[in-house]
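Enquirer: Okay, here's the prediction I keep looking at, along with the sequence it came from:
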Amino acid sequence: FLTQDEMNHSAAHLYLNLMKQVLSFSLWPEPPIPLDEIREPERGRWRRWVGRRIACVLKRRGLQLVKHAGCSDEERRSGRIWPRSADTMIGLPRLDNIQRCIESVLRENIEGDFIETGVWRGGACIFMKAVLTAYGVEGRRVFVADSFQGLPRPDGDKYPADQGDLLHTFEALAVPLDEVRHNFRKYGLLDDGVVFLPGWFKDTLPAAPMDKLAVLRLDGDLYGSTMEALVALYPKLSAGGYCIVDDYALPGCQRAVDDFRREHGIGDELETVDWTGRYWRKTALHGGAGGVDA
């Protein structure tokens, strides 16, 4: 396998850098927002009604009324917005982290497949598959786990930390399975090595058809979704594999990660990726002390 220096100067590295920029839509300016997609506060009801009437008239003439996206390049780079056209919202630092973790387990021959739990448009999983393809790796699968109908309604009785959470009401987070399949296909990365697990995590993850994982990436936002993924999948993570947390900035997710690590005696160092991303390397079958940077 290539050394890190060889990776940094290879055609595969150039391809992966391009994939990260394309998946995150970093090569182009953020498109403006159509007026009919803007959710203004109640105090703007009259302005909203007038704006939509104008938008309807313009639409009949083949025109569209839009509003500037109003985000900075740094906000886009760091994954602080919900992008209109990107296939991932996790930003470049977290894509870099996925690449480093996968390259590490490949270089060190850590056994197992890869999975993301909560995939939105599939961009992070597409990038996982791109890394395997770039280095000609066969025999490892990428599991794509999602309800493909948005986030679950929070179960406040079972998971009090999720009480009152409204993420299940955001239609933009509900991306159909067919759309995610199409996104894999348009990058030329849909094959038998990509396995979709449609459904709620509590139903699909306990019976997920893999024996070992090398990279476990959690992007479920809620306490319940994060805990269900950890309980079902962390025992399958190989020693030397990586557990990546996308949503540590969200209180529910953070509490689930902290509770799980404490309850299972996991002392591996929790490393920082960016403002919300965290990860650790599993150094023993049931956790362990110390961490190894990717």
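Expert: Nice, thanks for sending it over. Numbers count the residues shown, from 1 in each chain.

Enquirer: Could you use CA atoms for every contact and neighbour count after this?
Expert: Will do.

Enquirer: Run a quick neighbour tally on Q99.
Expert: Residues contacting Q99 under the criterion other CA atoms under 10 Å number 21.

Enquirer: oh sorry, the question was meant for V273
Expert: 17.

Enquirer: can you check G188 too?
Expert: For G188, using other CA under 10 Å, the count is 11.

Enquirer: Offset the numbering so it begins at 57, please.
Expert: New numbering, starting at 57: the last item is G244.

Enquirer: in stretch 156-164, what counts as buried?
Expert: R156, C157, I158, E159, S160, V161, L162 (16 or more other CA atoms under 10 Å).

Enquirer: quick one: average confidence on it?
Expert: Stretch 156-164 carries an average pLDDT of 97.

Enquirer: which other helices and strands contact the longest strand along the chain?
Expert: Criterion DSSP state E: the longest strand present in the chain is strand 293-301. Applying 3 or more CA pairs under 8 Å, 6 or more residues apart in numbering; DSSP states H and E, one finds that strand 293-301 contacts helix 147-163, strand 269-274, strand 334-337.

Enquirer: I'd like to check the angle between that strand and strand 269-274, please.
Expert: If you take axes from the mean of the first three to the mean of the last three CA atoms, to 10 degrees, strand 293-301 sits at 20 degrees to strand 269-274.

Enquirer: what about the helices in this structure?
Expert: For the chain, the helices defined by DSSP state H cover 60-64, 67-79, 101-116, 129-133, 147-163, 179-190, 233-242, 257-260, 279-289, 307-319.

Enquirer: Now render the ones you listed as JSON lines, adding distance to Q219.
Expert: Formatted as JSON lines, the helices of the chain follow (distance: least, CA to CA, whole Å):
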{"stretch": "helix 60-64", "distance to Q219": "45"}
{"stretch": "helix 67-79", "distance to Q219": "33"}
{"stretch": "helix 101-116", "distance to Q219": "29"}
{"stretch": "helix 129-133", "distance to Q219": "29"}
{"stretch": "helix 147-163", "distance to Q219": "28"}
{"stretch": "helix 179-190", "distance to Q219": "28"}
{"stretch": "helix 233-242", "distance to Q219": "28"}
{"stretch": "helix 257-260", "distance to Q219": "18"}
{"stretch": "helix 279-289", "distance to Q219": "10"}
{"stretch": "helix 307-319", "distance to Q219": "10"}
